[in-house]
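# Sequence and predicted structure, then a few things I'm wondering about:
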Amino acid sequence: MRVVALAGGTGSAKLLRGLYRTETDLTVVANVGDNIWMYGVYVCPDIDIACYTLAGVSDRARGWGIAGDSFEALGSLRKLGEAAWFMLGDRDLATSLRRTDMIRSGASLTEVTNGLRKALGLKCSILPVTDDPVSTMIATPGGDLHLQEFWVREKGLPRVVRVWYRGARSARVTPEVEASIEGADRVVVCPANPISSIGPMLAVPGFTKLLTKSNARVVALSPMEGSHPFSGPAGKLLKAGGVRQDSVGVAELYSRFLDAIVISSRDAAMSTKIEALGVNCTLSDTLMSEPDDELRLAKELLEV
Ligand code: FO1
């Protein structure tokens, strides 16, 4: 079975690990809206989280970065007067240094990511949704903030006026992503933040149409239980986007292309509203606290 997983960062990592273990022909299409120039290098958190997770080197507790990494470079940067609020580890910095060097030499983000994937020995494809720069921007009463400034530097505290995707309108889906979705048997939307992780992909012209036209069954695992996300600022960002902060809101947001969604058994009362959208709704234990849960849910998503 050819499976394409649409993935953000920390919220998606556990399901990706489960999907990787199902030994299907897996392609990960990664969000690029979190990408940021930091300390002179180009950091791509969602691509790196997917690569590190599948290679088994990620820091599971934090959900980002490399397990056991040191932060010597960051300490030195602070001594030189840099605020250094973004905790880029030393080995993680090496990834971004290499990526920046290759991009400056003319390589595309798709090529650079493929190099990283190979270096980590991964069997699946990892593709950025676009090679063009797209940034998730959070409009706050104090001005626009990049998602990393909002979430990491400001700890997600400012009031969110709206969310927009800088550069998305002139971005193009890569031919590799187009081919992967056209050839897929199943597209799995990971339990990522619908606004800041899946939203930037849907904002790239043509991407939603690719999903609606695809012969693949498009299925999602909800990132919400009740009105709370399993991680990150999804609730706050959904509210700012005028979307219900629960699995019904997520299904509504994806309803143009979604065939089925798996939601928490605790949200059984929501299934009638979801089915009314034309989306098949399955109940499950959606909390992934053990590796067995990751594999169980991955298998469920390949069957619903
Ligand atoms: N998240 C944090 O909460 N604090 C950090 O200092 C931080 C550093 C960081 C460095 C590299 C990287 O790839 C990710 C990092 N993240 C950090 C995670 C990141 O901010 C987001 O969780 C993802 O962008 C969400 O997908």
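Right, received. Where do you want to start? Just so you know, these numbers come straight off a predicted model, no measurement behind them.

# so Thr22 makes contact with Ala298?
Yes. In this structure Thr22 lies within contact range of Ala298 using Cβ atoms under 8 Å: 5.3 Å. C-beta here means a position set from N, CA and C on the backbone, and glycine is covered the same way.

# Which one's more surrounded, these two?
Legend: neighbour count by other Cβ atoms under 10 Å for Thr22 and Ala298, higher for Ala298 (26 against 14).

# how about Val218, secondary structure?
Here Val218 is recorded as strand under DSSP: H, G, I helix; E, B strand; the rest coil.

# what pLDDT does it get?
Val218 carries a pLDDT value of 98.

# who's in contact with it?
186-187, 189, 211, 254, 257-260 (Cβ atoms under 8 Å, 6 or more residues apart in numbering).

# Any residues of the stretch 151-300 of the chain in contact with the ligand? List them.
Within the stretch 151-300 of the chain, the positions near the ligand by Cβ under 6 Å from any ligand atom are 151-152, 197.

# Dump those into JSON lines; add pLDDT and secondary structure as well.
JSON lines is the format used below for those (pLDDT from 0 to 100; DSSP: H, G, I helix; E, B strand; the rest coil):
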{"residue": "Trp151", "pLDDT": "95", "secondary structure": "helix"}
{"residue": "Val152", "pLDDT": "97", "secondary structure": "helix"}
{"residue": "Ser197", "pLDDT": "95", "secondary structure": "helix"}
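
# Now flag whichever of those is closest to the ligand.
Set against the ligand, the nearest of those by Cβ to the nearest ligand atom is Val152 (4.2 Å).

# That closest one touches Ala83, doesn't it?
No. Using Cβ under 8 Å, Val152 makes no contact with Ala83, being 11.5 Å away.

# So for these two, which sits in the more crowded spot?
Taking Val152 and Ala83 together and counting by other Cβ under 10 Å, Val152 has the greater number of neighbours (16 against 8).

# And Leu297, which helix or strand is it part of?
Using DSSP states H and E, Leu297 falls within helix 291-303.

# Convert that helix to CSV, retaining C-alpha atoms only.
This file holds the C-alpha atoms of helix 291-303, laid out as CSV (Å, rounded to 0.1, in the frame of the first residue of the first chain):
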residue,chain,number,x,y,z
PRO,A,291,4.8,2.4,21.1
ASP,A,292,2.0,-0.2,20.9
ASP,A,293,-0.5,2.6,20.7
GLU,A,294,1.4,4.2,17.9
LEU,A,295,1.3,1.0,15.8
ARG,A,296,-2.3,0.2,16.8
LEU,A,297,-3.5,3.6,15.6
ALA,A,298,-1.4,3.5,12.5
LYS,A,299,-3.0,0.2,11.6
GLU,A,300,-6.5,1.6,12.3
LEU,A,301,-5.8,4.5,10.0
LEU,A,302,-4.9,2.1,7.2
GLU,A,303,-8.2,0.3,7.7
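
# Packing partners of it?
For helix 291-303, the elements it packs on are helix 10-21, strand 186-189, strand 217-221, strand 260-264, strand 280-284, judged by 3 or more Cβ pairs under 8 Å, 6 or more residues apart in numbering; DSSP states H and E.
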